[in-house]
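> Return atomic coordinates for the entry below.
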Amino acid sequence: MGGTSARKSLSFFNPCGVTMKSETRVVKLILISWLTAIVGLQVYIYMLELNYSELLLNEITIFNLPVHFWLTGQFLPLWFIILCILFNVWMDRHTSSTLEGSLRFRVRPRSGEEE
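Next up, the predicted model:
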């Protein structure tokens, strides 16, 4: 039962080890950049609507789509995919440089067995 308390203390908000701390830092940066893009684009569209008429907002097009539709419907999923690719490239480079990433999930012997 001693192992369960160690498992409960390990979480995203309580990382242990240098590798997990750097991984959670990168995940936090990616989530913040995605949230910034979502909120920032909505504010940008709202400011466009205030400064220009709604009719003009529908006339501004990107790839033959209205700018507000393209930004929210096309760019945000594309931005998420780009962030996922960046995270995977970072993880590949980070785990290949350290051996700790491959040894983190090793199986520990039970208390009665030999090591």
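> Check the chain for its longest helix and report it.
Across the chain, the longest stretch assigned as helix under DSSP state H is helix 18-51.
> any idea of the mean pLDDT for that helix?
When pLDDT is averaged along helix 18-51, the result is 84.
> by contact count, what packs against that helix?
Here helix 18-51 touches helix 54-59, helix 67-69, helix 76-97, helix 100-103, going by 3 or more Cβ pairs under 8 Å, 6 or more residues apart in numbering; DSSP states H and E. In this view, the C-beta of every residue, glycine as well, is placed from N, C-alpha and C.
> I'd like the average pLDDT over the longest one.
Throughout helix 76-97, pLDDT has a mean value of 84.
> can you check the first one too?
Helix 54-59 comes out with an average pLDDT of 72.
> picking that back up, counting neighbours, which bits of the longest helix of the chain end up buried?
19-20, 23, 30, 34, 37, 41, 45, 48 (16 or more other Cβ atoms under 10 Å).
> export those to a markdown table and tack on distance to Leu65?
Listed next are these as a markdown table, based on distance: Cβ to Cβ, whole Å:
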| residue | distance to Leu65 |
| --- | --- |
| Thr19 | 42 |
| Met20 | 42 |
| Glu23 | 37 |
| Ile30 | 26 |
| Trp34 | 22 |
| Ala37 | 18 |
| Leu41 | 14 |
| Ile45 | 13 |
| Leu48 | 15 |
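> among those residues, which two are most distant?
Maximum pairwise distance among these (Cβ to Cβ): 43.3 Å, between Thr19 and Leu48.
> which non-adjacent residue is nearest Phe63?
Spatial nearest neighbour of Phe63, chain neighbours left out: Trp70 (6.4 Å); criterion: Cβ to Cβ, 6 or more residues apart in numbering.
> distance of that neighbour from Thr61?
Applying Cβ to Cβ, to the nearest Å, the value for Trp70 to Thr61 is 8 Å.
> the more surrounded of these two?
More crowded of Trp70 and Thr61, by other Cβ atoms under 10 Å: Trp70, with 16 against 11.
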